[in-house]
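Undergrad: no sequence on this one, just coordinates:
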């Protein structure tokens, strides 16, 4: 990439408020006080224009103290301890209701919760869809007075689920009807937590086609997909996802997969008016529209790492 001494309009359009701060979560897993300090410093820093909301588990928002009124918050509602024999949407919904009731109470006390991210339960049989859980979640938000919050339904990973791809169009339609966005997890502590390029490309393609905004999380500290020697993992890049979203409305599934799989940083570039991937260009209007309606942001437990990488690639000037 060609280094610029000035912040390009295309770069600002692509990265403004893109990175939600998830310092409480692994691998950083900072104590609350340290995470607050790091986020507050980033809010005052040179690259604060790239910083989004402070992400916290719904059960830990109260630990923020008075900071819960100062920061724009994204509340994570993940029910992960649900035994498989109890994993029906009714039991899942009861546990989600308990967490969301707490969020509603905190909002009444002045907490600036602006976004919810809710993990959906895995289907229990082949023909089960996510329609019921998405619909029930929408009704619960209405009941608790939280319907005004932007909500993203996290789609459980495809590992071992042969119907995951087939469910995607219906899932996006259900989210659209419910006025929700969707969320994909791109990594985690185990190799199986990292979805293949085809899975990520299919998620992005279906979301953009349905007009459903999406978020991503986990494993996206660095801009471009790469092999990590020390862990043996193939890690996704947030710039890959951003470019895929920018070109999804006119790209085939094969081309989207190529973009998600791209490992050459020099294949990506920004000029004064566009994001470029190889022969493809997305202009300012496309980038701004994509950020508003498609790839709205991603969670990272580090803010400094993605910023430093973008500086090293020449995308960001060091003083922008």
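TA: Okay, I see it. Note that the structure is a prediction, hence the values are computed from the model and not measured. Residues are numbered from 1 along each chain as shown.

Undergrad: What count of nearby residues applies to the nearest residue to residue 32 once chain neighbours are set aside?
TA: The shortest distance from residue 32 to any non-neighbouring residue, by C-beta to C-beta, 6 or more residues apart in numbering, is to residue 63 (4.9 Å). Yep, even glycine has a C-beta here, placed from its N, CA and C like the rest. Look at residue 63: counted by other C-beta atoms under 10 Å, it has 16 neighbours.

Undergrad: For the strand or helix carrying residue 94, which outside residues touch it?
TA: Secondary structure assignment for residue 94, by DSSP states H and E: helix 89-108. Contact with helix 89-108 is made by 58-59, 61-62, 68, 75, 77, 79, 82, 111, 113, 116, 118, 121, 132-133, 136-137, 140-141, 144-146, as judged by C-beta atoms under 8 Å, 6 or more residues apart in numbering.

Undergrad: can you pull the buried residues of that helix?
TA: Of all the residues in helix 89-108, those buried under the rule 16 or more other C-beta atoms under 10 Å are 89, 92-93, 95-97, 99-100, 102-104, 106-107.

Undergrad: coming back round to it: for the residue nearest to residue 32, give me the pLDDT.
TA: If you check residue 63, the pLDDT there is 98.

Undergrad: residue ranges with poor pLDDT in the stretch 51-200 of the chain?
TA: For the stretch 51-200 of the chain, residues meeting the criterion pLDDT under 70 lie at 80-88.

Undergrad: how about 90 then?
TA: The model of the stretch 51-200 of the chain has pLDDT under 90 over residues 79-91, 122-128, 156-162, 188-193.

Undergrad: Could you pull out the strands in it for me?
TA: Assigned by DSSP state E, counting those that start in this stretch, the stretch 51-200 of the chain shows strands spanning 51-57, 73-77, 113-119, 150-154, 181-185.

Undergrad: Any idea how far apart the tips of stretch 173-185 sit?
TA: End-to-end distance of stretch 173-185: 20 Å, with C-alpha to C-alpha, to the nearest Å as the criterion.

Undergrad: what comes into contact with it?
TA: Stretch 173-185 has contacts (C-beta under 8 Å, 6+ apart) with 117, 129-131, 134-135, 137-138, 150-155, 157, 171-172, 193, 195, 200, 203, 207, 210-218, 296.

Undergrad: what's the answer for stretch 205-214, then?
TA: 152, 168-169, 171-173, 175-176, 180-184, 203-204, 245, 248-249, 251, 253, 256, 292-296.

Undergrad: what's the burial count for the residue lying closest to residue 46 once chain neighbours are set aside?
TA: Nearest residue to residue 46, sequence neighbours excluded (C-beta to C-beta, 6+ apart): residue 319, at 6.3 Å. For residue 319, the neighbour count with other C-beta under 10 Å is 10.

Undergrad: do the same with residue 155
TA: Residues lying near residue 155 (other C-beta under 10 Å) number 24.

Undergrad: What does residue 109 show for phi and psi?
TA: phi -90, psi 0 (degrees, to the nearest 10).

Undergrad: Just the buried ones from the contacts of stretch 173-185, in PyMOL syntax?
TA: In PyMOL, this line selects whichever of these come out buried by 16+ other C-beta under 10 Å:
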select buried, resi 117+130+131+134+137+138+151+152+153+154+155+157+171+172+195+200+203+207+210+212+213+214+215+216+217+218+296
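
Undergrad: Can you pull the poorly scored residue ranges out of the stretch 201-320 of the chain?
TA: Applying pLDDT under 90 to the stretch 201-320 of the chain picks out residues 219, 221, 227-234, 318-320.

Undergrad: In it, mark out all the strands, start to finish.
TA: Going by DSSP E, counting those that start in this stretch, the stretch 201-320 of the chain shows strands at 214-217, 226-228, 233-235, 268-270, 274-277, 280-283, 295-300.

Undergrad: between these, which gets nearest to residue 314?
TA: Of all the strands of the stretch 201-320 of the chain, strand 268-270 sits nearest to residue 314, with 9.0 Å by C-beta to C-beta.

Undergrad: Could you check how far stretch 161-170 is from the centre of its chain?
TA: Stretch 161-170 sits 20 Å away from the centroid of its parent chain (C-alpha atoms, centre = their mean, to the nearest Å).
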